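Q: What follows is a predicted structure for the sequence shown.
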Amino acid sequence: MGIIAKQSFYNSISIALAFLIGAINTVYLYPTHMGSKLQGLIVALLALSNLVQPFISFGIQHAIIKFYSSCRTKAEKDKLLSLSIFIPIIVFSLLLTLAFFFNTQIIDFIASENEEIGKYAYLILAVAFSTALFEVFYSWLRIQLFSVFGNFLKEFFPRALIFTLLLIYSFGGLNLDRFIIFLIFGYYLRLLLVVVYALIKYTPEFSFTLPVQFKYILQYSILIFMSGTAASLILDIDKAMISNILTVENVAYYTVAIFIAAVVELPARAMFQIISPLVAKALNENDNLTLLKLLKKSANNLLLVSGLLFLLINLNLNDFYTWVNLGDYNVALEVVLIVSLGKLFTISMGCLNNIIANSKYYPYVFWFSASSAIFAIVLNLYLIQWYGLIGAAYATLIVIVLINFLKIILVQFKFKINPYSRKTLITFGIVVLLYLTISKISFDYVPFMSLVLRSALIIVAFSVLAYWLKLTSDVQQFLSKILPFLKKS
């Protein structure tokens, strides 16, 4: 396998394990040993730190990816990397100063509904700063094409940290105060590990001199920061509106459904860690042939793997909900199908979003994000009232399809390329065929056995069709390695 497929494979393993541990934390350890109140406290604190983090990093981690390959000398590259450290430190210092002078007002604001959040508010800035610097050094690794260890630290480490602390807490080894302290310590341990590893792979000569492209770097960072703010709104607006229009119980049902649908995106999250620097490099060097190859190959590979996940999730939903005894949560079953369809369409575009974000047309990213936020608010407002939870899912699907269609038109018009080919239609055809066929097959066993048998049938049927039709060379090579007899065919 090539470097993209190889690192994407290892990144997928990290993300899958992170997803598994995150599910254990969310569904079992938190509710069983901490209870909903303390679980809500920890989750709220980390969520607030995630909202603050973009303000500290200010989009500079994305600027590294875009501008590094355009730096012609080592000195310019080192200035860019130095700047990427100084900006978060400067912004954090300003926020820390504001927090010191307006401490009471800030705590009163964020703790208006929960006094405990005010007591542990120091976690918000501490974790936000650690995460911001982590993203910077992780970008250093990505531009050097060393994404595997960084992805492991980004996806797996925080969930494993919480898993470990929850186990210790359950045995009485920690109280809540120490849990918070060790949680912060764990995030800084993660930062230390990525800093050491990044400096081993590439050690710059730190400089206080601004890069030649400083003006453009700052413009890009500000725009990406604004786009990220709009994108954050999209992630949570549906849940907020469900709680206002329906009930809080419906938020829980919807959240679990979205969590399950997000599994379809796992391969994309893994691949984009390594492919984004390659896209930026091709754009900076005007290498249109490589750009087209990256777009087509990423679209084919991602659609194939995510198509399999789409089938495994949606054809096993009823048995899964019954097996884990989710009960009333099954009212959101259709949400999983609708939202995962939208995510599958996004994945079929391959690295198209990376092309827009790393090209001179990056201002469109902001307009796409802002438009998505506006459409999401309007559609959710009406569709939730008309159709309940399913309305929120349809709102998400409509926004995804509309905005992605505009992105495809933009790239086709500006670059004269698109992610689709004959293999795209074949892959979609396989997904539809297997969904319609296997959905009519029932297994008269307990839910877990039915889930296992149906999954085995899906994997075998999908793999055979993908190999026989030669949909991607990477899948051909992978299946040939794990199934030696295929080499003879």
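A: The structure has been received and is ready for your questions.

Q: Restricting to C-alpha, output stretch 292-301 in CSV.
A: Coordinates of each C-alpha in stretch 292-301 appear next as CSV, following Å, rounded to 0.1, in the frame of the first residue of the first chain:
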residue,chain,number,x,y,z
LEU,A,292,-6.5,15.0,-9.7
LYS,A,293,-4.9,11.7,-8.7
LEU,A,294,-5.3,12.5,-4.9
LEU,A,295,-9.0,13.6,-5.5
LYS,A,296,-10.0,10.5,-7.5
LYS,A,297,-8.1,8.0,-5.3
SER,A,298,-9.3,9.4,-2.0
ALA,A,299,-12.9,9.5,-3.2
ASN,A,300,-12.8,5.9,-4.5
ASN,A,301,-11.1,4.5,-1.4
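
Q: could you give me the average pLDDT of that stretch?
A: What stretch 292-301 shows for mean pLDDT is 89.

Q: same deal with stretch 71-89?
A: 87.

Q: In it, which residues are buried?
A: Within stretch 71-89, the residues scored as buried using 16 or more other Cβ atoms under 10 Å are 71, 76-85, 87-88. For every residue, glycine as well, the C-beta is placed using N, CA and C.

Q: Contacts for that stretch next, please.
A: 56-58, 60-61, 63-64, 67-68, 129, 132-133, 136, 139-140, 204-214, 217, 221 (Cβ atoms under 8 Å, 6 or more residues apart in numbering).

Q: that older thread, would you format the buried residues of stretch 71-89 as JSON lines with distance to Ser369 and secondary structure included?
A: Converted to JSON lines, these look like this (distance: Cβ to Cβ, whole Å; DSSP: H, G, I helix; E, B strand; the rest coil):
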{"residue": "Cys71", "distance to Ser369": "27", "secondary structure": "coil"}
{"residue": "Glu76", "distance to Ser369": "30", "secondary structure": "helix"}
{"residue": "Lys77", "distance to Ser369": "29", "secondary structure": "helix"}
{"residue": "Asp78", "distance to Ser369": "32", "secondary structure": "helix"}
{"residue": "Lys79", "distance to Ser369": "29", "secondary structure": "helix"}
{"residue": "Leu80", "distance to Ser369": "25", "secondary structure": "helix"}
{"residue": "Leu81", "distance to Ser369": "27", "secondary structure": "helix"}
{"residue": "Ser82", "distance to Ser369": "29", "secondary structure": "helix"}
{"residue": "Leu83", "distance to Ser369": "24", "secondary structure": "helix"}
{"residue": "Ser84", "distance to Ser369": "22", "secondary structure": "helix"}
{"residue": "Ile85", "distance to Ser369": "26", "secondary structure": "helix"}
{"residue": "Ile87", "distance to Ser369": "21", "secondary structure": "helix"}
{"residue": "Pro88", "distance to Ser369": "22", "secondary structure": "helix"}
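
Q: if we can go back for a sec, in ChimeraX, how would I select just the buried ones from the contacts of stretch 71-89?
A: A single ChimeraX command selects the buried members of the contacts of stretch 71-89 (16+ other Cβ under 10 Å):
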select :56,57,58,60,61,63,64,67,68,129,132,133,136,139,140,204,207,211,213,217,221
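
Q: which ones among the contacts of stretch 71-89 are found in helices?
A: 56-57, 60-61, 63-64, 67, 129, 132-133, 136, 139-140, 214, 217, 221 (DSSP state H).

Q: Ser14: which of those residues is nearest?
A: Ser139 (17.2 Å; Cβ to Cβ).

Q: Pretty sure that closest one sits against Gln61.
A: Yes. With contacts counted by Cβ atoms under 8 Å, Ser139 reaches Gln61, the gap being 4.4 Å.

Q: Please verify my assumption that Leu291 contacts Val279.
A: Yes. Leu291 is within contact range of Val279, at 6.9 Å (criterion: Cβ under 8 Å).

Q: quick one, which of those two is more surrounded?
A: With neighbours defined as other Cβ atoms under 10 Å, Leu291 and Val279 compare such that Val279 has more, 28 against 22.

Q: Contact partners for the more buried one?
A: Counting by Cβ under 8 Å, 6+ apart, Val279 has contacts 291, 294, 351, 354-355, 358.

Q: how much space between it and Arg72?
A: From Val279 across to Arg72, the span is 19 Å (Cβ to Cβ, to the nearest Å).

Q: go on, Ala18?
A: Distance from Ala18 to Arg72, by Cβ to Cβ: 38 Å.

Q: Check the gap between Leu153 and Ala270 for me.
A: Taking Cβ to Cβ, one finds Leu153 at 14 Å from Ala270.

Q: Of the two, which one has the most company?
A: Remark: of Leu153 and Ala270, Ala270 carries more neighbours, 26 against 21, as counted by other Cβ under 10 Å.

Q: contacting residues for Ile390?
A: For Ile390, the contact set (Cβ under 8 Å, 6+ apart) comprises 334-335, 338.

Q: that older thread, Lys343: which of the ones in helices among the contacts of stretch 71-89 is nearest?
A: Checking the ones in helices among the contacts of stretch 71-89 against Lys343 by Cβ to Cβ gives Gln61 as the nearest, at 23.7 Å.

Q: State the distance from that closest one to Arg190.
A: For Gln61, the distance to Arg190 - Cβ to Cβ - is 15 Å.

Q: just Phe179 next, same as before
A: For Phe179 relative to Arg190 (Cβ to Cβ), the value is 17 Å.

Q: got it, and Val365?
A: 28 Å.

Q: Mind checking which of these two has more residues around it?
A: Neighbour count, other Cβ under 10 Å: between Val365 and Arg190, Val365 has more, with 24 against 18.

Q: In contact with the closest residue in space to that one that isn't next to it in sequence, which residues are there?
A: Nearest residue to Val365, sequence neighbours excluded (Cβ to Cβ, 6 or more residues apart in numbering): Ser227, at 4.7 Å. Counting by Cβ under 8 Å, 6+ apart, Ser227 touches 365-366, 368-370.

Q: gap between the residue lying closest to Ser70 once chain neighbours are set aside and Glu76?
A: Closest residue in space to Ser70, ignoring its immediate chain neighbours: Asn284 at 4.1 Å, by Cβ to Cβ, 6+ apart. With distances taken as Cβ to Cβ, Asn284 is found 13 Å from Glu76.

Q: what residues do the two have in common as contacts?
A: By Cβ under 8 Å, 6+ apart, no residue touches both Asn284 and Glu76.

Q: List the contacts of Phe272.
A: Contacts of Phe272 (Cβ under 8 Å, 6+ apart): 351, 354.

Q: Got the confidence number for the residue lying closest to Arg269 once chain neighbours are set aside?
A: Among residues not flanking Arg269 along the chain, Ile15 sits closest, at 5.7 Å (Cβ to Cβ, 6+ apart). pLDDT recorded at Ile15 is 78.

Q: can you give me the strands in the stretch 301-450 of the chain?
A: Along the stretch 301-450 of the chain, no segments are classed as strands by DSSP state E, counting those that start in this stretch.

Q: which residues of it score low on pLDDT?
A: Applying pLDDT under 70 to the stretch 301-450 of the chain flags the ranges 326-327.

Q: so what's Leu302 up against?
A: Contacts of Leu302 by Cβ under 8 Å, 6+ apart are 267-268, 271, 347-348, 350.

Q: So the residue nearest to it when sequence neighbours are not counted versus Ile89, what's the distance?
A: Spatial nearest neighbour of Leu302, chain neighbours left out: Ile347 (4.8 Å); criterion: Cβ to Cβ, 6+ apart. Separation of Ile347 from Ile89 (Cβ to Cβ) stands at 36 Å.

Q: where in the stretch 101-250 of the chain is pLDDT low?
A: Ranges of the stretch 101-250 of the chain meeting pLDDT under 70: 110-115, 228-241, 243-244, 247-249.
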